[in-house]
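Participant: Predicted model follows, preceded by the sequence.
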Amino acid sequence: MSRWFRSEHMEYISLIVNEDAAHDCLADLGKLSAIQFTDLNPDLTPFQRRYVSYVRRCDELERKLRFFGHECDNFGLKLDTAGDIDTFLESPSGSARAITAGGGDKKGTQLLESLEVELDGYESQLRELNAYSEKLTREYNEKVELQEVLEKARRFFMTDAPRLAVSELSPGRPGSAEGLLAGAHDDEARDMDMRFSSITGVVSTEEKVRFERMIFRATRGNCYVRFAPIKQPITDPETGSLIEKCVFIVFFKSLSIETKLKKICDAFFAHRYSLPDMDDAPAVDRMLTENAQELVDSRTVLLKNQDTRFRLCQMLAQHTERWTWIVLREKAVYHTLNMFKADVSGMLRGEGWVISEHFEDVRMSVNRAHSDMDHSMPNYVDQVPKPWPTPPTHFTTNKFTYGYQEFVNTYGIPRYREANPALFTAATFPFLFGVMYGDIGHGLFLFCAGLYLLWNEEKNEKAKLDEMTAGLHTGRYMMAMMGFFAVYAGFVYNDCFSLGLNLFGSRWTFSSDAPEAGEVAGMTGQFGDGNSVYPFGLDPMWHVASNELLFFNSFKMKLSVIFGIFQMFAGTCLRGINYIYFGKKLDFVCEFIPMVAFACSLFVYMVVLIFMKWSINWNSRMLSATCLDPNDAASGWGSADYDGEWVQCNANGGGDGTCTPWGYACQGGDSLADKCPLDYGGSGDGCQPPNLITALINIALSPGTVDEPMYYGQASVQNLLLLIAGISVPVLLLAKPYFLSKQMEASHHSAHDDDDEEEEHGMGEIIIHQAIETIEFVLGMVSNTASYLRLWALSLAHSELATVFWEKAMLSTLNMNWFATFIGYGIFAGTTFGVLLMMDVLECFLHALRLHWVEFQNKFYSADGIRFAPYSFKQILKDASASH
């Protein structure tokens with residue numbers, strides 16, 4: 001865990017490699033994932049880089065592989081996995097030497113040439129088959145549409161228009177009219193004039209209404225349109241999608257209308273077909289028969305083409321992912337080589353950050369790559385002398401710590417060697433979530449969900465998950481811990497689906513077996529006795545007490561304040577640890593010490609008061625200031641609740657005959673301070689439990705006045721603490737700027753007037769920054785402490801919602817009948833799952849997230865670091881797999 005507390009040590013190195021061995025060097029360095037290269041050619045555009053042609057070739061190969069993947073998707077083929085990334089990188093195909101599908105062993109730049117030749121052949125073959133398939137599909141669709149048009153037109157003329165003979169003009173007879181209205185006219189010329197022309201074709205069903213409306217408007221209603229749907233969808237030859245179409249027949253009586261109709265058909269991409277004379281039945285039957293035979297032949301050829309494409313895609317699906325990984329690796333190599341600078345002919349120089357413990361591994365990889373090429377090749381790997389650029393931040397994480405580190409990195413990357421909040425977040429985040437979500441039953445569901453994700457860990461590691469599932473997989477350990485702490489807090493609250501569990505036997509009993517409302521329960525043992533304390537958590541009797549809400553509110557509110565102040569004070573201490581580590585003595589003395597003084601004098605003191613109030617035996621103290629009759633045991637004289645020695649007062653000394661346990665003779669009008677033996681001051685004199693909120697407010701509003709003290713000299717102590725808090729604020733505000741100004745004066749005592757102006761400007765920024773820092777800390781301690789009350793609020797909301805769901809959905813239906821109970825259980829289960837197991841989990845998660853990002857981390861966390869982005873084949877391939 002010490003390695004997780006601060007980021008890894010970094011070294012800035014320079015390496016000079018021979019250009020011939022540069023590819024092999026970077027191929028080996030990419031497996032180490034230990035070096036982040038710096039771009040030494042920032043002034044060059046991507047098109048001016050040395051290896052831009054190789055990057056373009058890799059981009060072209062990626063395009064071809066995406067094309068292969070798209071074609072496989074069209075057939076519903078799943079790409080075969082290339083296996084585990086680590087296994088791939090260690091295999092020959094993942095090294096500088098790669099094996100292509102043809103079996104050839106290629107090295108370096110030869111690999112790109114081999115892949116280009118191989119993939120070019122597959123692409124041209126697949127594109128040729130696709131073009132032929134598109135052509136065949138178009139011809140097949142035309143024959144299907146013609147067959148439908150012939151059948152629908154013949155059916156129309158046989159059934160709907162027995163007296164109408166219509167046909168479209170053939171190509172050799174433009175404008176000829178077929179389909180004569182047979183009527184009672186005897187004149188043949190007039191009979192020919194009454195013939196109607198027609199246009200037949202196929203249009204998309206989606207365009208049917210618009211098509212019909214356009215025809216009506218263009219011809220002003222001087223046409224007759226009929227539609228008939230095609231039952232079987234038609235395949236679009238370009239997209240491959242199925243389209244619903246219908247046959248149309250339009251009758252008209254004008255050449256001008258015919259011109260308009262043809263333009264409308266072209267606009268709606270409607271296919272027009274020429275038909276023979278419908279009166280010539282043999283010609284229609286012959287055309288139907290010929291077209292049906294051609295349809296069968298076209299389908300046979302089309303299926304053969306589809307089978308050939310399918311078998312080719314099957315072969316490509318076996319190799320596409322492996323080819324993609326090889327291309328991505330080669331592209332990363334050449335992209336990184338573009339960051340190198342060619343200072344000397346034949347040599348390349350690169351610089352970058354390397355993890356210190358991997359420095360020797362980098363040197364060995366470079367030497368090994370050169371020795372494989374030629375023993376005499378020169379190379380150089382060594383550290384660059386300071387000053388360095390700002391080092392990047394890198395943490396070595398495992399399966400458990402990775403999720404928490406990403407949790408912190410989302411807010412901001414830790415500064416180099418800064419204290420890492422993720423180390424503490426791994427423990428406090430699930431714990432604070434459990435405080436808010438505390439319930440044995442609900443927490444158990446969440447814990448089981450986390451265990452399920454852990455059980456399927458290896459399976460999910462190898463699977464391609466969607467974004468949400470991948471997020472759940474990343475946070476599997478976090479979810480299990482959240483569920484565990486929710487169960488733990490549920491046992492502390494003794495809350496299971498809003499019901500108390502009597503696991504160890506309650507320490508309170510009623511006098512009757514059937515207690516009535518308002519009856520008071522008694523303890524089974526004496527106060528302070530170990531047998532009177534419930535072994536773990538709260539006594540289940542509190543769940544049926546009339547003051548249940550009052551007790552739980554007080555308990556959870558104090559816990560929230562304690563946890564909040566503890567976490568914020570820990571964050572302030574981490575600030576001091578950072579100052580010590582980085583050698584910032586001025587910041588330690590002028591910032592950290594005043595901050596600790598301010599926090600301790602008010603807020604840590606508040607926690608001390610809470611624990612003091614919990615630890616004091618108030619029964620004994622209050623009894624010590626109570627007047628009792630020493631001759632009447634029923635009045636409580638001699639009770640074991642009093643910790644001191646019972647002393648009977650002198651009855652001859654006057655008074656009303658009653659005494660306090662310590663021997664004071666009561667006069668009848670005595671104040672509490674007179675009867676209390678502690679003499680702590682105030683009206684309570686130490687024998688009355690104080691209201692802590694009032695006591696804390698009075699520290700600032702009524703200095704020196706403590707109405708209900710808990711210990712001797714409390715007023716003086718609180719005055720001293722208030723003085724310390726008051727002094728710490730101006731020290732925090734002014735001390736650091738003052739000492740910085742003295743340092744600047746000492747270092748610029750001989751500067752010119754222009755430098756004096758810059759000094760004033762810099763000093764002004766320092767004062768403003770320190771004022772913001774002071775205001776943020778002082779007000780933040782108050783507001784952040786109040787913000788931690790959300791722990792109490794959400795815990796209360798969770799328990800009250802669970803109570804409402806149980807009482808309204810279950811208890812109200814149990815006494816009705818079995819059917820009502822069944823319905824009630826369904827409502828109870830549905831609301832519990834939807835509200836408490838889904839919405840409330842998310843709500844508590846977000847509030848715990850805010851407490852860490854805002855209340856905890858702002859006490860010490862800079863979050864302005866630079867993330868270490870190593871040259872890593874593993875990360876590149878992992879990102880590529882996640883994006884598909």
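Facilitator: Right, received. Where do you want to start? Numbering: from 1, shown residues only.
Participant: can we go C-alpha only for contacts and neighbour counts from here?
Facilitator: Fine.
Participant: any chance you could map the helices in the stretch 151-300 of the chain?
Facilitator: Applying DSSP state H, counting those that start in this stretch to the stretch 151-300 of the chain gives helices spanning 188-193, 208-219, 255-267, 281-337.
Participant: among the ones you listed, which is nearest residue 404?
Facilitator: Closest of the helices of the stretch 151-300 of the chain to residue 404 is helix 281-337, at 28.9 Å (criterion: CA to CA).
Participant: Surely residue 58 forms part of a strand?
Facilitator: No - inclusion of residue 58 in a strand is not indicated when DSSP: H, G, I helix; E, B strand; the rest coil is applied; the result is helix.
Participant: per-residue confidence at it?
Facilitator: Reading off the confidence values, residue 58 has pLDDT 93.
Participant: now residue 574
Facilitator: At residue 574 the predicted local confidence, pLDDT, stands at 95.
Participant: Equivalent analysis for the one 3 residues further on, please.
Facilitator: What the model reports as pLDDT for residue 577 is 95.
Participant: tell me which element it falls in.
Facilitator: With secondary structure defined by DSSP states H and E, residue 577 is part of helix 548-581.
Participant: Residue ranges in this structure under the pLDDT threshold?
Facilitator: 1, 92-108, 160-195, 374-377, 527-528, 651-654, 748-761, 884 (pLDDT under 70).
Participant: Grab the most central residue of it for me.
Facilitator: For the chain, the residue lying nearest the average C-alpha position, counting by CA atoms, centre = their mean, turns out to be residue 471 (5.9 Å).
Participant: and it, what element?
Facilitator: Following DSSP H and E, one finds residue 471 within helix 467-474.
Participant: Flag every buried residue along that helix.
Facilitator: Buried positions in helix 467-474, judged by neighbour count with 16 or more other CA atoms under 10 Å: 470, 473-474.
Participant: Any chance of the helices of the stretch 151-300 of the chain in CSV with mean neighbour count and distance to residue 111 as columns?
Facilitator: Converted to CSV, the helices of the stretch 151-300 of the chain look like this (neighbours: other CA atoms under 10 Å; distance: least, CA to CA, whole Å):
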stretch, mean neighbour count, distance to residue 111
helix 188-193, 12, 77
helix 208-219, 15, 55
helix 255-267, 14, 51
helix 281-337, 18, 9
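Participant: mind putting those helices in CSV, distance to residue 871 included?
Facilitator: Supplementary listing: the helices of the stretch 151-300 of the chain in CSV, determined by distance: least, CA to CA, whole Å:
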stretch, distance to residue 871
helix 188-193, 85
helix 208-219, 58
helix 255-267, 55
helix 281-337, 8
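Participant: Of all the ones you listed, which one comes closest to residue 21?
Facilitator: Proximity to residue 21 (CA to CA) singles out helix 281-337 among those, at 11.5 Å.
Participant: next helix or strand past that closest one?
Facilitator: strand 347-355.
Participant: quick one, that next one and helix 281-337 angle?
Facilitator: Here strand 347-355 points in a direction 80 degrees away from that of helix 281-337 (axes from the mean of the first three to the mean of the last three CA atoms, to 10 degrees).
Participant: export strand 347-355 as PDB, just CAs?
Facilitator: Output of strand 347-355 as PDB, limited to C-alpha atoms (Å, rounded to 0.1, in the frame of the first residue of the first chain):
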ATOM      1  CA  MET A 347      20.400   7.900 -36.200                       C
ATOM      2  CA  LEU A 348      17.200   8.800 -34.300                       C
ATOM      3  CA  ARG A 349      16.900  10.500 -30.900                       C
ATOM      4  CA  GLY A 350      14.000  10.300 -28.600                       C
ATOM      5  CA  GLU A 351      13.200  11.500 -25.100                       C
ATOM      6  CA  GLY A 352      10.600  10.600 -22.600                       C
ATOM      7  CA  TRP A 353       9.600   9.600 -19.100                       C
ATOM      8  CA  VAL A 354      10.300   6.200 -17.800                       C
ATOM      9  CA  ILE A 355       9.300   4.500 -14.600                       C
END
